[in-house]
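Novice: Have a look; sequence and predicted model below, questions after that.
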Amino acid sequence: EAGVAQSPRYKIIEKRQSVAFWCNPISGHATLYWYQQILGQGPKLLIQFQNNGVVDDSQLPKDRFSAERLKGVDSTLKIQPAKLEDSAVYLCASRQLRHTQYFGPGTRLTVL
Amino acid sequence: GENVEQHPSTLSVQEGDSAVIKCTYSDSASNYFPWYKQELGKGPQLIIDIRSNVGEKKDQRIAVTLNKTAKHFSLHITETQPEDSAVYFCAAGPMNYGGSQGNLIFGKGTKLSVKP
């Protein structure tokens, strides 16, 4: 079974630029999560989707971050404009009901 | 909201020794407690989890204990091996009987080093 796929793996941008990350969850997983992991800390939930609907986006900085999962499969997370403090690893995870979350390898973002 | 504290932040043991990592949580509504292992450049991987209806769970060299009254849970790794070296995260959150999972709150992680 293929795992959660994410791209790109690494991204370096200047502050105030825009960036987008892509996630392809495990086939059949209805729930998809985006996490932000700052160096030396645990993952922090940004947004949770159930199919193509948002379940929880209470910790998403909506003035600059946006996410979508239009067809209930792939998802994109966008930051516009980026700030220095957005430097982190962005993790995508997916799960089936009654099962655990499976994480992708993450995208490491560096904002200069 | 939920707050998860994890200790120690770093742990160094000799190969073959045991390692123990402890976490505390604050929200009584949390009833699901997973532990994740994260190797360099990879995403977290679930190694064991426990629900609040049991006090202990074991899987080969790994065990987790839960004390609901004190709101703390621990990860125990016995007979450690160099390949156990990684960062370990605890997490806490709600999960209902239907399997829907709420927001998991993660600890800050423990960097385990196993010396051969």
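Specialist: Right, received. Where do you want to start?

Novice: Mind checking which residue lies nearest the centre of chain A?
Specialist: residue A:34 (3.2 Å; Cα atoms, centre = their mean).

Novice: Get me the contact residues on chain B for chain A.
Specialist: Counting by Cβ under 8 Å from any Cβ of the partner chain, the positions of chain B adjacent to chain A are B:4, B:6, B:34, B:36, B:41-46, B:49, B:89, B:91, B:98-104, B:106-109. All C-beta spots, glycine's among them, are computed from the backbone N, C-alpha and C.

Novice: who's in contact with residue A:69?
Specialist: Going by Cβ atoms under 8 Å, 6 or more residues apart in numbering or on different chains, residue A:69 touches A:32, A:49, A:51, A:52, A:75.

Novice: what stretches of the chain score poorly on pLDDT?
Specialist: Let's take chain A. Within chain A, the ranges that satisfy pLDDT under 70 run A:1.

Novice: should've been chain B
Specialist: B:97-101.

Novice: ok, now with 90
Specialist: The model of chain B has pLDDT under 90 over residues B:1-2, B:41, B:51-55, B:94-104.

Novice: What ranges does it have for its strands?
Specialist: Assigned by DSSP state E, the strands in chain B fall at B:4-7, B:10-14, B:19-25, B:32-38, B:45-51, B:56-59, B:62-67, B:72-77, B:86-92, B:105-106, B:110-115.

Novice: Tell me which of those strands is the most buried.
Specialist: strand B:86-92 (a mean of 24; mean count of other Cβ atoms under 10 Å in any protein chain shown).

Novice: which residues sit against it?
Specialist: The contact list for strand B:86-92 (Cβ under 8 Å, 6+ apart) reads A:42-43, B:2, B:4, B:6, B:21, B:23, B:25, B:27, B:30, B:32-40, B:44, B:47, B:73, B:75, B:104-107, B:109-112.

Novice: what residues are up against residue B:72?
Specialist: So residue B:72 contacts B:22, B:23, B:24, B:25, B:66 (Cβ under 8 Å, 6+ apart).

Novice: thinking again about what came up before, tabulate the strands of chain B (a markdown table), appending distance to residue A:59.
Specialist: Putting the strands of chain B into a markdown table (distance: least, Cβ to Cβ, whole Å) gives the following:
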| stretch | distance to residue A:59 |
| --- | --- |
| strand B:4-7 | 15 |
| strand B:10-14 | 27 |
| strand B:19-25 | 18 |
| strand B:32-38 | 19 |
| strand B:45-51 | 22 |
| strand B:56-59 | 29 |
| strand B:62-67 | 26 |
| strand B:72-77 | 23 |
| strand B:86-92 | 15 |
| strand B:105-106 | 11 |
| strand B:110-115 | 23 |
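
Novice: of all those strands, which lies closest to residue A:67?
Specialist: The minimum distance between residue A:67 and the strands of chain B falls on strand B:105-106, with 19.4 Å, by Cβ to Cβ.

Novice: hang on, the earlier thing: nearest to chain A, of the contacts of residue B:72?
Specialist: residue B:23 (10.5 Å; Cβ to the nearest Cβ).

Novice: For the closest one, give the beta-bridge partners.
Specialist: Under DSSP bridges, the beta-bridge partners of residue B:23 are residue B:6, residue B:73.
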